[in-house]
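Show me the folded form of this:
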Amino acid sequence: MTRRLILLLPLIGFLGLSLFLYQGLSLNPFHRDSALMARNFPEFDMVTLEDPERRVDRSLLINGEVTLVNVWGEWCPECKREMPQLLDLADRGIRLVGISYKDTREKGLGFLEDFGNPFEVNIFDPDGELAFELGVYGAPETFLVDREGIIRYHHTGYISASDLREHILPEVQKWQ
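Numbers count the residues shown, from 1 in each chain. As a prediction, the model looks like this:
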């Protein structure tokens, strides 16, 4: 009896591990909460993409307005796909701040010239320092920051037209 049990233990362990891994495959990595939810937007002091002499810091986000902070990159195909939705948000009067993530200045500016610039300002983050502080693991990612600079919503991945209607706009209205 004991010998049979010893022979079955590896099989039981394998089946348990297989079940655990199978369940992990059903999870959507885009539906994860930010560890910074309901916390202050991280401190930063960086230059803008458009003007290497202009420095911006966290006070940019503490101005009495709800702000969508969008992490984007010229190299990111999904960033190009979501640009019409971001331009729509800007046309609606919603304040957007961009973070040019792991780009060169030339490529970032070229992207904005080609696809439009819905952002009030673009923070230049060529090494991904600010994105790292935000817990970003890819682009695009979008954070809704309330009037006091607190992160209230996090959207991972491309913003589709339905995401705009069903998630982004209701969250913006909720925090305005």
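
Please make it C-alpha for all contacts and neighbour counts, starting now.
Will do.

And the residue nearest the centre of the protein?
E141 (1.8 Å; Cα atoms, centre = their mean).

I'd say that one and G73 touch.
No - in this structure, E141 is not within contact of G73 by Cα atoms under 8 Å, at 10.4 Å.

can you give me the helices for the chain?
With DSSP state H, the ranges of helices along the chain come out as 2-25, 77-91, 105-115, 129-134, 161-163, 169-175.

rank the ones you listed by pLDDT, which is bottom?
Lowest mean pLDDT within the helices of the chain: helix 2-25, at a mean of 65.

What residues sit buried inside stretch 112-128?
Neighbour-count burial for stretch 112-128, counted by 16 or more other Cα atoms under 10 Å, picks out F115, N117, P118, F119, V121, N122, I123, F124, D125, P126, G128.

Just the residues you listed: which are in strands?
Members of the buried residues of stretch 112-128 lying in strands (criterion: DSSP state E): V121, N122, I123, F124, D125.

Can I get those residues in a markdown table including pLDDT and distance to D45?
Shown next, in a markdown table, are these (pLDDT from 0 to 100; distance: Cα to Cα, whole Å):
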| residue | pLDDT | distance to D45 |
| --- | --- | --- |
| V121 | 97 | 14 |
| N122 | 98 | 13 |
| I123 | 98 | 9 |
| F124 | 98 | 10 |
| D125 | 98 | 10 |
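
from those residues, which is closest to G98?
N122 (4.4 Å; Cα to Cα).

My understanding was that the closest one contacts L49; is that so?
Yes - under the criterion of Cα under 8 Å, N122 makes contact with L49 at 5.4 Å.

Pull up the overlap in contacts between these two.
Shared contacts of N122 and L49, defined by Cα atoms under 8 Å, 6 or more residues apart in numbering, are found at S100.
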